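# Sequence unavailable; structure follows:
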């Protein structure tokens with residue numbers, strides 16, 4: 001067992017770094033739309049206001065300016081991280097229903113791209129616009145603001161998505177190392193080895209799993225990989 005752990009960490013250190021400290025935070029994955037019941041059930045540990053354009057993140061500090069984009073329609077919004085929060089690891093951002101509506105984000109395909117940006121004049125203008133939109137939403141909202149039963153009705157009428165997803169485990173220098181890692185992960189994590197895919201670039205080899213056709217199916221393997229020690233997992237949306 002000790003030998004397997006040593007081999008695993010060798011693989012981790014051979015992985016090509018994904019992030020650069022000199023560039024903005026940049027990730028892709030699923031957004032979790034705030035729901036009061038999730039808070040009651042302790043699926044999330046912080047509340048956000050569904051009537052405002054609010055977002056929460058695990059790592060990014062409150063006040064961090066971010067751009068959230070829905071790649072399926074290119075709808076985008078610039079806002080600030082409201083607070084830090086804990087929520088299921090499959091999701092990389094907690095957002096209000098108002099943001100989901102602005103992005104026209106589907107509940108069965110809540111895939112987003114997230115990037116932090118520096119504050120400049122264009123953001124100040126955008127911030128003013130957001131404030132006006134929030135004020136308008138707040139003033140026109142009914143007393144009973146966001147109804148869970150309305151969300152469930154919306155889920156029923158949405159067509160089954162044909163979109164699939166993949167989990168990007170990492171980039172490695174050696175194809176031989178990747179093939180050995182595939183066998184190790186398949187055995188230790190009880191993941192079908194046929195799920196593993198490799199893409200060879202000019203310099204590196206990308207290891208991923210998939211495709212998955214639902215959030216539920218992808219979460220099972222995602223949680224396994226997280227617990228095994230892979231911190232920088234990214235989700236790829238396959239068009």
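Arrived safely, thanks for sending. From a predicted model like this one, the values you see are computed outputs, not experimental measurements. Residues are numbered from 1 along each chain as shown.
# what about the strands in the protein?
15-16, 26-33, 55-57, 65-70, 75-84, 91-95, 111-116, 164-172, 196-200, 205-212, 234-238 (DSSP state E).
# Measure how far the fifth one is from the centre of its chain, please.
Between the centre of strand 75-84 and the centre of its host chain there is 14 Å, according to CA atoms, centre = their mean, to the nearest Å.
# Kindly report the same for the last one.
A distance of 9 Å separates the centroid of the chain from that of strand 234-238, by CA atoms, centre = their mean.
# Adjacent strands (with direction) for it?
Each strand paired with strand 234-238, and its direction, by DSSP bridges: strand 164-172 (antiparallel).
# The strand it pairs with to strand 196-200, inter-axis angle?
60 degrees (axes from the mean of the first three to the mean of the last three CA atoms, to 10 degrees).
# what is the rounded mean pLDDT of strand 164-172?
Averaging pLDDT along strand 164-172 yields 92.
# Tell me who's in contact with residue 34.
Listed by CB atoms under 8 Å, 6 or more residues apart in numbering, the contact partners of residue 34 are 44, 47, 48, 50, 54, 94, 95, 96, 97. For glycine as for every other residue, the C-beta is placed from the backbone atoms N, C-alpha and C.
# Can you select the buried ones among those for me in PyMOL?
Selecting only the buried entries of the contacts of residue 34 in PyMOL, with 16 or more other CB atoms under 10 Å as the criterion:
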select buried, resi 44+48+50+54+94+95+96+97
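# now, among the contacts of residue 34, which is nearest to residue 179?
residue 94 (37.2 Å; CB to CB).
# Ok, which of the strands of the chain comes nearest residue 105?
When the strands of the chain are compared by CB to CB, strand 65-70 sits nearest residue 105, at 5.5 Å.
# what does the closest one contact?
By CB under 8 Å, 6+ apart, the residues outside strand 65-70 that reach it are 25, 31, 55, 57, 60, 75-81, 93, 95, 99, 103-105, 111-119, 123.
# Residue 73: how many residues sit nearby?
11 (other CB atoms under 10 Å).
# cool, and residue 199?
There are 12 residues near residue 199, going by other CB under 10 Å.
# Enumerate the beta-bridge partners assigned to the residue lying closest to it once chain neighbours are set aside.
Nearest non-adjacent residue to residue 199, counting by CB to CB, 6 or more residues apart in numbering: residue 206, 4.3 Å away. Beta-bridge partners for residue 206, by DSSP bridges, are residue 171, residue 199.
# lowest-pLDDT helix or strand in the protein?
helix 148-157 (a mean of 39; mean pLDDT, DSSP states H and E).
# what sits against residue 235?
Residue 235 neighbours (CB under 8 Å, 6+ apart): 28, 29, 30, 92, 111, 165, 166, 167, 168, 218, 222.
# Find the nearest non-adjacent residue to the last one, please.
Closest residue in space to residue 222, ignoring its immediate chain neighbours: residue 90 at 5.2 Å, by CB to CB, 6+ apart.
# residues contacting the spatially closest residue to residue 82 that is not a sequence neighbour?
Nearest non-adjacent residue to residue 82, counting by CB to CB, 6+ apart: residue 54, 4.4 Å away. Taking CB under 8 Å, 6+ apart, we find residue 54 in contact with 34, 48, 79, 82, 95, 96, 98, 99.
# Dihedrals phi and psi, residue 54?
Residue 54 adopts backbone torsions of phi -120, psi 150, taken as degrees, to the nearest 10.
# any idea how far the residue most central in space within the chain is from residue 89?
With distances taken as CA atoms, centre = their mean, residue 29 lies nearest the centre of the chain, 2.7 Å away. Distance of residue 29 to residue 89, given as CB to CB, to the nearest Å: 10 Å.
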